[in-house]
Every structure is written in C-alpha cells, then in structure tokens.
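Asker: what follows is a predicted protein model with its sequence.
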Amino acid sequence: ISGERMLRYVGGGFLSLIAGYLAGLFGGMWLVESQSTNSHDRALEAAMTGAFVIGPLSALVACIATIAILAWRRK
C-alpha cells in the first residue's frame, strides 16, 4: 500500500469517526429524549446514552464502513 493511499484511509477513517460520533450523539439524545419514560432525569439519561453508548457505536460503524468503501473503490 502506498503512503498516499494509507493517508487517505487514515484521514477518511478519522473524519468518519468524528462525523459518526456527532451524528450518533445527537441522534441518540433525540431518540432517548423522545422515547424514554423516565420523568426524573430524562435529559441526563439522554446525554449519557448519546455520549457513551450510541455515539461511540455509530462512530465505529462509520469508520469501518468508510475504510471498507475506500478499499472496495481501490479494486
């Protein structure tokens, strides 16, 4: 693998990590806020679930998908 192609994989993966995390964070917060039956601390539950569960999972999925697409386009 050439240095330029490796940089493209790393850069694309990093950008997709950030974008995936932000999408998962805000999407997860919205999802929990709209679906939770917790009336005591719904906002805290939404923030923690978005930041520590849904955000990292969506970032990982976005990174893997981006690297797979870049590798597939190489062929």
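Answerer: Done, it's in. Residues are numbered from 1 along each chain as shown.
Asker: pretty sure Ile54 contacts Ala23?
Answerer: No: applying CB atoms under 8 Å, one finds Ile54 not in contact with Ala23, separated by 9.4 Å. From N, CA and C alone the C-beta is placed, and that goes for glycine too.
Asker: below-threshold pLDDT in this protein: ranges please.
Answerer: Along the chain, segments meeting pLDDT under 70 span 75.
Asker: 90 instead, please
Answerer: 1-2, 39, 73-75 (pLDDT under 90).
Asker: re earlier: which of Ile54 and Ala23 has more residues huddled nearby?
Answerer: Under the criterion of other CB atoms under 10 Å, the comparison of Ile54 against Ala23 puts Ile54 first, with 21 against 15.
Asker: what sits against that one?
Answerer: Ile54 makes contact with 24-25, 27-28, 31, according to CB atoms under 8 Å, 6 or more residues apart in numbering.
Asker: mind doing that once more with 10 Å?
Answerer: Residues in contact with Ile54 (CB atoms under 10 Å, 6 or more residues apart in numbering) are 21, 23-29, 31-32, 46.
Asker: okay if I get those as CSV plus distance to Ala62 and secondary structure?
Answerer: Below are the contacts of Ile54 laid out as CSV (distance: CB to CB, whole Å; DSSP: H, G, I helix; E, B strand; the rest coil):
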residue, distance to Ala62, secondary structure
Tyr21, 8, helix
Ala23, 8, helix
Gly24, 8, helix
Leu25, 12, helix
Phe26, 14, helix
Gly27, 12, helix
Gly28, 14, helix
Met29, 17, helix
Leu31, 17, helix
Val32, 20, helix
Ala46, 21, helix
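Asker: got these as a markdown table, with distance to Ala68 columns?
Answerer: Shown next, in a markdown table, are the contacts of Ile54 (distance: CB to CB, whole Å):
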| residue | distance to Ala68 |
| --- | --- |
| Tyr21 | 18 |
| Ala23 | 18 |
| Gly24 | 18 |
| Leu25 | 23 |
| Phe26 | 24 |
| Gly27 | 21 |
| Gly28 | 23 |
| Met29 | 27 |
| Leu31 | 25 |
| Val32 | 29 |
| Ala46 | 31 |
